[in-house]
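Colleague: I would like to see how this sequence folds:
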Amino acid sequence: MRLFEDLYKRFPNGRLSEDVVDEVIVTEADRSYLVKSAFLLQEAVVVGGVTKRYYNLGPNALPLIISWRIEGLTRRLVFLTVSLTVLTAFLIGLTVVTAVR
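Modeller: Predicted structure coming up:
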C-alpha cells in the first residue's frame, strides 16, 4: 500500500526505479501480474547502454488509491461523529444539572 501511495504523491511525472519496487514486491510473478492488470506501468529506459526499468501508476491503481483515501476519511468522520455525540451529551447533562440548581 505504501508503494502505491508514494507513486500517487509523485503522479503523473514521478516514477520509481526497479530496485525500489523489487524491495517491496519481491517476486517477479507479482510484479508481472500488477503490470498485466494495469495497476503498475513498466517502462524501460536506456541510460549509458544499460537498460533500467521504471514503474509508475497504471489506470487501475487510481480508483484503488481513491478508495483507500475515502476509507480513511470515513474513519475520521466516524471518530468526529462519536466525539460530537459525547460532547453534546456532556453539555446536555451539564445544562440539566445547572437548571436543577
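Colleague: my read is residue 43 is in a helix, agree?
Modeller: No - using DSSP: H, G, I helix; E, B strand; the rest coil, the assignment for residue 43 is strand, not a helix.
Colleague: Who does it form a beta bridge with?
Modeller: Using DSSP bridges, the beta-bridge partners of residue 43 come out as residue 54.
Colleague: Surely it touches residue 53?
Modeller: Yes - in this structure, residue 43 is within contact of residue 53 by C-beta atoms under 8 Å, at 7.1 Å. Just so you know, the C-beta spots here come from the backbone N, C-alpha and C atoms, and that holds for glycine as well.
Colleague: between those two, who's got more neighbours?
Modeller: Neighbours per residue, other C-beta atoms under 10 Å: of residue 43 and residue 53, the larger number sits with residue 53, 17 against 10.
Colleague: Just to check, that one is in contact with residue 44?
Modeller: Yes - between residue 53 and residue 44 there is a contact under C-beta under 8 Å: 5.6 Å.
Colleague: Do a quick rundown of the helices in the protein.
Modeller: According to DSSP state H, the chain carries its helices in the segments 2-10, 18-24, 28-36, 61-100.
Colleague: Turn the ones you listed into TSV, columns for mean neighbour count and distance to residue 48.
Modeller: Shown next, in TSV, are the helices of the chain (neighbours: other C-beta atoms under 10 Å; distance: least, C-beta to C-beta, whole Å):
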stretch	mean neighbour count	distance to residue 48
helix 2-10	15	24
helix 18-24	14	16
helix 28-36	13	24
helix 61-100	10	30
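Colleague: Throw the ones you listed into a markdown table and include mean pLDDT and distance to residue 49, thanks.
Modeller: Below are the helices of the chain laid out as a markdown table (pLDDT from 0 to 100; distance: least, C-beta to C-beta, whole Å):
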| stretch | mean pLDDT | distance to residue 49 |
| --- | --- | --- |
| helix 2-10 | 71 | 27 |
| helix 18-24 | 74 | 17 |
| helix 28-36 | 82 | 23 |
| helix 61-100 | 93 | 31 |
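Colleague: Neighbours of residue 57, how many?
Modeller: When neighbours are counted by other C-beta under 10 Å, residue 57 registers 24.
Colleague: Now it. Nearest residue, chain neighbours left out?
Modeller: In space, and not counting its chain neighbours, residue 57 is closest to residue 7: 4.8 Å by C-beta to C-beta, 6 or more residues apart in numbering.
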